[in-house]
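Fold the following, please.
(chains A and B)
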There are 2 protein chains.
Amino acid sequence: MFKKTLLAASLAAVSLVGNTAMAAEKVDLLIKNATVLTMNADKTVYENGLVAVKENKIFAVTDGNDVNEYKAEKTIDADGDIVMPGLINTHTHVSMTVFRSLADDVPDRLHRYIFPLESKLVSRDMVRIGAQLGNVEMLKGGVTTYADMYYFEDEVAKTVDEIGMRAVLGETVIKFPVADAANAEEGIKYAVNFIEEYKDHPRITPAFAPHAPYTNTTETLQKITELSKKYDVPVMIHLAESERENQVIAERSGGKSPVEYMADIGALTPNLVGAHMINVSDSDIELLKKHDVGVAHNMSANIKSAKGVAPAPKMLEEGVRIGLGTDGPMSGNTISTIDEFNQVAKVHKLVSKDRAAMPPMQVIEMATIGAARALHMEDTIGSLEMGKLADIIVVDTTSPNMVPVYNPYSALVYSAYASNVKHTIVDGKILMKDREMLTVDEDAIRQEALDFADKVRKTVVESGEVVQ
Amino acid sequence: MFKKTLLAASLAAVSLVGNTAMAAEKVDLLIKNATVLTMNADKTVYENGLVAVKENKIFAVTDGNDVNEYKAEKTIDADGDIVMPGLINTHTHVSMTVFRSLADDVPDRLHRYIFPLESKLVSRDMVRIGAQLGNVEMLKGGVTTYADMYYFEDEVAKTVDEIGMRAVLGETVIKFPVADAANAEEGIKYAVNFIEEYKDHPRITPAFAPHAPYTNTTETLQKITELSKKYDVPVMIHLAESERENQVIAERSGGKSPVEYMADIGALTPNLVGAHMINVSDSDIELLKKHDVGVAHNMSANIKSAKGVAPAPKMLEEGVRIGLGTDGPMSGNTISTIDEFNQVAKVHKLVSKDRAAMPPMQVIEMATIGAARALHMEDTIGSLEMGKLADIIVVDTTSPNMVPVYNPYSALVYSAYASNVKHTIVDGKILMKDREMLTVDEDAIRQEALDFADKVRKTVVESGEVVQ
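Have a look, this model is predicted:
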């Protein structure tokens, strides 16, 4: 309905060309003189284009010939810089920023190191402090929407609400005692309360986050599936990630793969977003497609732990909903999707033994509209098209690493640093301008994180628990 | 000799502690309150250390307790930031920045695309313009020394001299006509003239750069080996890089590998630096070790072209001289070594199926003292030790991606952006301060590169020669 109205408005605007007597169209924000990567179905690129924003939505995306038809509250002259949809990080654990660079590369790290560390140190404060820091890192790297799985997600939600980002926040459910629940049943209760509190938030989508199939019972997974249908919310899970998972699930199910098992118990649904999906066969991929499951592809983190590379090219070919994720800051270790671009493009070429594999446009697709598809949010975010929510980034092309730009997709994927993001706009609001945060105090956030890190040092590093 | 003098001076300084009546030691630059990664043989790290510089050399590197013993012309308070040796890029083609993002991922790109492009567009101007831009990119990314192979290297040398960096510059010799020589013989003459002109330059080491074994005759390679001994200069070559090379060399030599062939013709010497070394067997590695050859490991570029991954862990184990290189900006596509760290650490874990493979400290080693060893320059650069040349960088730890730092090696390898480099010092001079270039006009350099890119667009892009 809204889209139709905008279409009409846009057609009216087009008809204004050449008729200077007509009144200019009032908009809130106009970004002009931009290399616009729309990431629409045709992958339209405007070399000297514009994006106009009214309230929190995109009002027009054009070749710029109509630039004088708008009267804007605020104007950004992009001066040739790249303007594109905000990046969408399909999988992270944002609060773990406070643990970044602790005990990297330890064997069986999750079970031997991370779970025990978390049982000592996860708290409401830790979750809030880590999320605040990670939000700033992501926004400064052009991430406008992220999907998170952790504990005390209501604390993460408060930080997202405050800074002005968009997020899908999944409250963890796991069978052993964790900081905010003694068992899976309590975890589900916590999640339901969180979902009820946030289900009408304009920028936050609350979700269930069962940790993994092998760390939950079949009964728990089925209960969550049922509740996700009742509340119409996503379910995010680590799936087909590790050998340990393969073994546990094969024992539990009489030799099935994790994806087959999830299908069998009725837990593969369009609400599901599976992170990793490294150990998937062609028939598993068919199941993902059939059940319209979303996939978070966290290649950089997956190779850091030597787990392997998910068959993303095959999934793309089969039309599976797949987008890039960073995994958490103890895994990746950075959480701006742009840090992944280079590796994603290159490692798939190595693995496929084909230098034409995973071309830059496909990487940018997996970071924008593809990631939106993975989260089932492609109707509202992921591309610059009229009527969509105004989540937009401007990427500087004057930094030496970005000079020259013959092909903007190549420049973004093979050359860009996360720090080349110049402005970040979410829901029509400029949250970062010229690399300055406008809605939060970055210095105060960093200081709080550093103070928490001192506590971590005293608790686990100085005791000798961590061999650095 | 010089080292001994400094040792004595330093011991004298130590004896001053507690004796405030003595005069302070006058130094030109003092960097204090730093997390100092010395990259010395013991990998000493000072948590609150200092580095003192006199003229172009390091005068002292200490734990900082003696901070009041120095009277400095200039002082940098690092405020906890990481201070480490300048990075050394062991292999690039700096002038090709002006072609960056052109026709990425084309099959057989070197022969079908790059050589023809170069025959049209390489000129003195192009080499100068591209080098100026690349120098800025590298200095801003913390590279203080680089090794280059291209044409008109005397033009590159002028830019290096002007900006104040350190470089090993290799004039290309190749058997077909190129911009600055009609054949290999002319290429050798050009190189000899260049070497004679620059052999006494304090920061520039001129060198021969035979393109590859398969693009030169045995006679040319032997002639260059002989001349390199006469002039005592390095020989840089692409070696063991591609299938095509394997085939040509096998046909020429009766089935030998490129490394075996080079050994057989007497061209494996301590002057040689071989770039890539992807296709090397264990016995090839023994030959590299035996002949004390340097290796430039360009992993990121090598996987972009799906050529494979050089067995760097094995070479390190065998004590081969190996350092990180970026390859050229059409190959990598960025040329700050720091952009490689993450990938180098992670892809070796993937290839080795071992998450403990290629730990962060080893990556930093390959970017500093290891790279110096690859270029046979470890006596003068690559670590922060008294008497060494003062090539030093300061890496910001306040950017959100660098918070917190439990382990500086992990933070640098898994989290740092090239743009986190805050100050770059070469030969005792601050060339970049707070990300501002002090010796060249970055805006003018960028504009000249953009103007040249317009010419490239008109020549090859608009004619349809390039499918983007």
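
from here on, contacts and neighbour counts on C-alpha atoms
Fine.

Mind pulling up the pLDDT for A:Leu6?
On pLDDT, A:Leu6 comes in at 39.

Likewise for the one 10 residues further on?
We have a pLDDT of 45 for A:Leu16.

now for the single longest helix found in chain A, which elements pack on it?
Ranked by residue count under DSSP state H, the longest helix found in chain A is helix A:124-140. Other elements packing on helix A:124-140 under the criterion 3 or more C-alpha pairs under 8 Å, 6 or more residues apart in numbering or on different chains; DSSP states H and E are helix A:153-163, strand A:421-426, strand A:429-433, helix A:442-456.

What residues sit buried inside that helix?
A:124, A:126-140 (16 or more other C-alpha atoms under 10 Å in any protein chain shown).

Now do that helix: everything it contacts.
A:94-98, A:144, A:151-153, A:155-156, A:159-160, A:163, A:165, A:335-336, A:418-419, A:421-424, A:431-432, A:435, A:437, A:442, A:445-446, A:448-449, A:452, B:400-401 (C-alpha atoms under 8 Å, 6 or more residues apart in numbering or on different chains).

Parallel or antiparallel, which strands does the helix or strand that that helix is followed by pair with?
Sequence-wise, the next helix or strand downstream of helix A:124-140 (DSSP states H and E) is strand A:143-150. Under the criterion DSSP bridges, strand A:143-150 sits next to strand A:87-92 (parallel), strand A:166-173 (parallel) in its sheet.

what's the first one in contact with?
The contact list for strand A:87-92 (C-alpha under 8 Å, 6+ apart) reads A:142-149, A:275, A:296-298, A:323-329, A:335-338, A:367-368, A:371-372, A:374-375, A:382.

Quick check: nearest residue in space to A:Ser95, chain neighbours excluded?
A:Gly130 (3.8 Å; C-alpha to C-alpha, 6 or more residues apart in numbering or on different chains).

Can you check the pLDDT for the one you found?
So, for A:Gly130, pLDDT stands at 98.

Same check on the one 5 residues further on?
In the prediction, the pLDDT value recorded for A:Asn135 is 98.

And for the one 3 residues further on?
pLDDT, A:Met138: 98.

ok, A:Glu162 - how many residues close by?
When counting by other C-alpha atoms under 10 Å in any protein chain shown, one arrives at 12 neighbours for A:Glu162.

now it: how far from B:Tyr261?
65 Å (C-alpha to C-alpha, to the nearest Å).

Report the contact partners of A:Asp28.
A:Ala52, A:Val53, A:Lys54, A:Glu55, A:Ala72, A:Glu73, A:Lys74.

Of the residues you listed, just say which sits nearest to B:Glu185.
A:Ala52 (60.6 Å; C-alpha to C-alpha).

hmm, back to that, same list (the strands paired with strand A:143-150) but as JSON lines, adding mean neighbour count and mean pLDDT.
Listed next are these as JSON lines, based on neighbours: other C-alpha atoms under 10 Å in any protein chain shown; pLDDT from 0 to 100:
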{"stretch": "strand A:87-92", "mean neighbour count": "33", "mean pLDDT": "98"}
{"stretch": "strand A:166-173", "mean neighbour count": "28", "mean pLDDT": "98"}
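
Select, out of these, the one closest to A:Asn33.
strand A:87-92 (21.0 Å).

So what touches the helix or strand just after the closest one?
Next in sequence after strand A:87-92, counting helices and strands by DSSP H and E, comes helix A:109. By C-alpha under 8 Å, 6+ apart, the list of residues contacting helix A:109 from outside is empty.

Could you identify the most distant pair in the buried residues of helix A:124-140?
A:Arg124 and A:Lys140 (24.4 Å).

List, one by one, the residues from the stretch 1-150 of chain A near chain B.
Neighbours of chain B within the stretch 1-150 of chain A, by C-alpha under 8 Å from any C-alpha of the partner chain: A:97-102, A:104-107, A:133-134, A:136-137.

tell me the angle of the lengthiest strand in chain A relative to strand A:429-433?
Ranked by residue count under DSSP state E, the longest strand found in chain A is strand A:25-37. Here strand A:25-37 runs at an angle of 50 degrees relative to strand A:429-433 (axes from the mean of the first three to the mean of the last three C-alpha atoms, to 10 degrees).

follow-up on the earlier one: make a markdown table from the helices and strands packed on helix A:124-140 and add mean pLDDT and distance to A:Ile188 to it.
Shown next, in a markdown table, are the helices and strands packed on helix A:124-140 (pLDDT from 0 to 100; distance: least, C-alpha to C-alpha, whole Å):
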| stretch | mean pLDDT | distance to A:Ile188 |
| --- | --- | --- |
| helix A:153-163 | 98 | 12 |
| strand A:421-426 | 98 | 31 |
| strand A:429-433 | 98 | 33 |
| helix A:442-456 | 97 | 29 |
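
can you list the strands paired with strand A:143-150 in a markdown table and add distance to B:Tyr190?
Formatted as a markdown table, these follow (distance: least, C-alpha to C-alpha, whole Å):
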| stretch | distance to B:Tyr190 |
| --- | --- |
| strand A:87-92 | 49 |
| strand A:166-173 | 60 |
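
closest one to B:Gly308 among these?
strand A:87-92 (28.9 Å).

Just want the angle from that closest one to strand A:421-426.
Using the same axes, to 10 degrees: strand A:87-92 against strand A:421-426 is 80 degrees.

can you pull out the helices in the stretch 151-300 of chain A?
Ranges of helices within the stretch 151-300 of chain A are A:153-163, A:184-198, A:218-231, A:243-253, A:258-264, A:282-290, A:299-304, based on DSSP state H, counting those that start in this stretch.

List of residues touching the first one?
Put plainly, it is helix A:153-163. Helix A:153-163 is touched from outside by A:95, A:124, A:127-128, A:131-132, A:135, A:166-167, A:169-171, A:194, A:203-204, A:431, A:439-440, with contacts defined as C-alpha under 8 Å, 6+ apart.

hang on, A:Asp345 packs against A:Val413?
Careful, residue A:345 is Ala and not Asp. Yes: at 7.4 Å, A:Ala345 and A:Val413 qualify as touching, with contact defined as C-alpha atoms under 8 Å.

Specify the stretch among the strands paired with strand A:143-150 that is closest to B:Pro116.
Comparing the strands paired with strand A:143-150 by C-alpha to C-alpha, strand A:87-92 comes nearest, at 37.1 Å.

Restricting to C-alpha, output that closest one in PDB.
Extracted C-alpha coordinates of strand A:87-92, given in PDB (Å, rounded to 0.1, in the frame of the first residue of the first chain):
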ATOM      1  CA  LEU A  87      25.300  -3.800   5.500                       C
ATOM      2  CA  ILE A  88      23.500  -6.500   7.300                       C
ATOM      3  CA  ASN A  89      25.400  -8.800   9.600                       C
ATOM      4  CA  THR A  90      23.400 -12.100   9.800                       C
ATOM      5  CA  HIS A  91      25.300 -13.600  12.700                       C
ATOM      6  CA  THR A  92      27.200 -12.300  15.700                       C
END
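
How far off centre is that strand?
1 Å (C-alpha atoms, centre = their mean, to the nearest Å).

again, but for stretch A:381-393
Worked out by C-alpha atoms, centre = their mean, stretch A:381-393 lies 15 Å from the chain centre.

before we move on, the earlier item: so what's in contact with A:Ala345 and A:Val413 at the same time?
In terms of C-alpha under 8 Å, 6+ apart, A:Ala345 and A:Val413 are both contacted by the residues A:Pro360, A:Val363.
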